[in-house]
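Peer 1: Sharing a sequence plus its predicted fold:
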Amino acid sequence: MERKKIGILTIGVFTVFFWAGFVLAAPPEHEFVGAKKCAMCHKKPETGEQYGIWLETKHAKALESLGTPEAKEVAAKLSIDDPKTSGKCLKCHSTAYWFSEAKVTDTIPVEEGVSCESCHGAGKDYMKKSIMQEREQAVANGLMIPDESTCVKCHNSEAPTFKGFDFKEKWEKIKHPTPK
């Protein structure tokens, strides 16, 4: 019997395992919690109503956008049968894939689209109020402060519908600051 080789490659925060032709992406070192857990604190006026702001963005509807006739046409040109189930599309259209062509968490439903933890990192270790009140402590526990480099993980020339990306312009459409 022939033994299959297992290879391990670490890329950024991911450890990728190669086994018998399959690629499995390991989730980041912190666990995901999902947007509804983030919303427990981030839907209140005194905290800036970030959850409600996100719900109105294209990020919240990112999976839905893959069901459009236009998305299906683009997918067909790339030999993708269904963009709503293809890791090539979901890596940028669902936090559950977190920039990988393989699903990295079952905690977040694919339908959640591009939610809090795509930009801010997996939240289980920083979500407690006592940790979030101290920015340095939150960052030490996995909180990512998004910037242009965060956005261009998906908004780049590898995306089949890319038409350029003006970070300052787009940031104005999605920002959701926390009141002091």
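Peer 2: Received the coordinates, thanks.
Peer 1: any low-confidence regions in the chain?
Peer 2: 1-28, 180 (pLDDT under 70).
Peer 1: can you pull out the helices in it?
Peer 2: For the chain, applying DSSP state H gives helices covering 35-42, 50-55, 62-65, 69-77, 87-93, 116-120, 129-132, 135-140, 148-151, 167-174.
Peer 1: Now the last one - C-alpha only, PDB.
Peer 2: Output of helix 167-174 as PDB, limited to C-alpha atoms (Å, rounded to 0.1, in the frame of the first residue of the first chain):
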ATOM      1  CA  PHE A 167      -9.200  53.000  -0.100                       C
ATOM      2  CA  LYS A 168     -10.200  56.500   1.200                       C
ATOM      3  CA  GLU A 169     -13.400  56.600  -0.800                       C
ATOM      4  CA  LYS A 170     -14.500  53.100   0.100                       C
ATOM      5  CA  TRP A 171     -13.500  53.600   3.800                       C
ATOM      6  CA  GLU A 172     -16.000  56.400   4.000                       C
ATOM      7  CA  LYS A 173     -18.800  54.000   2.900                       C
ATOM      8  CA  ILE A 174     -18.000  51.300   5.500                       C
END
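Peer 1: Which of the residues in it are classified as buried?
Peer 2: residue 174 (16 or more other CB atoms under 10 Å). All C-beta spots, glycine's among them, are computed from the backbone N, C-alpha and C.
Peer 1: again with the longest one
Peer 2: Of the residues in helix 69-77, those buried under the neighbour-count criterion (16+ other CB under 10 Å) are 71, 74, 75.
Peer 1: Between those residues, which sits nearest residue 140?
Peer 2: Taking CB to CB as the measure, residue 140 lies nearest residue 71 of the buried residues of helix 69-77, at 38.7 Å.
Peer 1: what's the neighbour count on the closest residue to the closest one other than its chain neighbours?
Peer 2: Nearest in space to residue 71, with sequence neighbours left out and distances taken as CB to CB, 6 or more residues apart in numbering, is residue 83 at 5.0 Å. Around residue 83 sit 23 other residues, with neighbours defined as other CB atoms under 10 Å.
Peer 1: Next: residue 53.
Peer 2: Other residues near residue 53 come to 16 when the count uses other CB under 10 Å.
Peer 1: contacting residues for it?
Peer 2: Contacts for residue 53 (CB atoms under 8 Å, 6 or more residues apart in numbering) come out as 174, 176.
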